[in-house]
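In: The sequence isn't on hand, but the structure is:
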C-alpha cells in the first residue's frame, strides 16, 4: 500500500491534462461540432465518437427524426471497423435542390475517407459517369420537374459498368410504394444512409474478391 499510494499520485499527475481535456470537450461539444463539422482533425476515439454522434443527431433533428445515442454512434463505430473498405471509395451524389441541403451528410462521408462528387442534374451526372467509375450513386427521386427522374435515370444506367449500385435518399418515404426497381436501398434517415453505404461497399468488395 505504501508503494501504491505514490504510484497513484504520479499516475494522476500524468493523466490529469488528458482528463481535463476530455471534460472540456464534453462540456463544449456542441460548440466544437459547429467549429469542426467534419470531425477529421480530432484523432482520439471517445472524443471523435462524441463529435460524430452530435453531428449526426444534429442532421437527423433537422429532418424531424430522433436518434438514440447508440443509433447516432453506430455508423462511426462500424466505419472504424471497416476503414480499408471506405478509404478512397467513390460516391456520386445527385440532387437538384440546393447542394447545401446535403452538405453535412457529405462532410461526414468525407471524414470517413469516402470521396464524394456532388452534382445537381442527370445531365451533369452522365458527364461524370462517362469519365469515372463510382462505387455508389446517391440520388433523389423527384428531379428536374419529374417526380420519377431519379428512378428513370437509374433505369437508363442498368446494364452499364459505370457504377456498382444506387441508394435513394429522400425527404419523405411513401410506405405504400416498394423500393424502386434496381435500387440498392431507399431511406430518409442519415444514419441508415451511412449504413446502407457501408453495406454496398462491403458487398462490392467481397464480390470482387470472390
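Out: Happy to help now that I have it. As the structure is a prediction and not an experimental result, all values here were calculated from the model.

In: Domain parsing of this protein, as residue ranges.
Out: Following automatic domain parsing, one finds the domains of the chain at 4-80, 84-209.

In: weakest of these by average pLDDT?
Out: Mean pLDDT is lowest for domain 4-80 among the domains of the chain, at a mean of 70.

In: Deepest in the core, which of the domains of the chain is it.
Out: A comparison of these by mean neighbour count, using mean count of other CB atoms under 10 Å, puts domain 84-209 on top with a mean of 17. Any C-beta I mention is one placed from the backbone N, CA and C, and that applies to glycine too.

In: which residues in the chain form helices?
Out: Applying DSSP state H to the chain gives helices spanning 4-27, 29-35, 45-62, 69-81, 83-86, 103-111, 122-131, 149-157, 190-209.

In: among the ones you listed, which is nearest residue 94?
Out: Of all those, helix 122-131 sits nearest to residue 94, with 4.9 Å by CB to CB.

In: and the angle from that closest one to helix 149-157?
Out: Here helix 122-131 points in a direction 30 degrees away from that of helix 149-157 (axes from the mean of the first three to the mean of the last three CA atoms, to 10 degrees).

In: helices and strands around helix 122-131, which ones?
Out: Helices and strands touching helix 122-131, by 3 or more CB pairs under 8 Å, 6 or more residues apart in numbering; DSSP states H and E, are strand 90-94, strand 115-119, helix 149-157.

In: ok, 7 Å please
Out: Using 3 or more CB pairs under 7 Å, 6 or more residues apart in numbering; DSSP states H and E as the contact test, the elements touching helix 122-131 are strand 90-94, strand 115-119.

In: Ok, which of these comes nearest residue 188?
Out: strand 90-94 (15.2 Å).

In: Could you name the helices and strands sitting against the closest one?
Out: Using 3+ CB pairs under 7 Å, 6+ apart, strand 90-94 is in contact with strand 115-119, helix 122-131, strand 134-139.

In: Distance to residue 87 added to these, as a markdown table?
Out: Listed next are these as a markdown table, based on distance: least, CB to CB, whole Å:
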| stretch | distance to residue 87 |
| --- | --- |
| strand 115-119 | 9 |
| helix 122-131 | 21 |
| strand 134-139 | 12 |
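
In: That'll do, ta.
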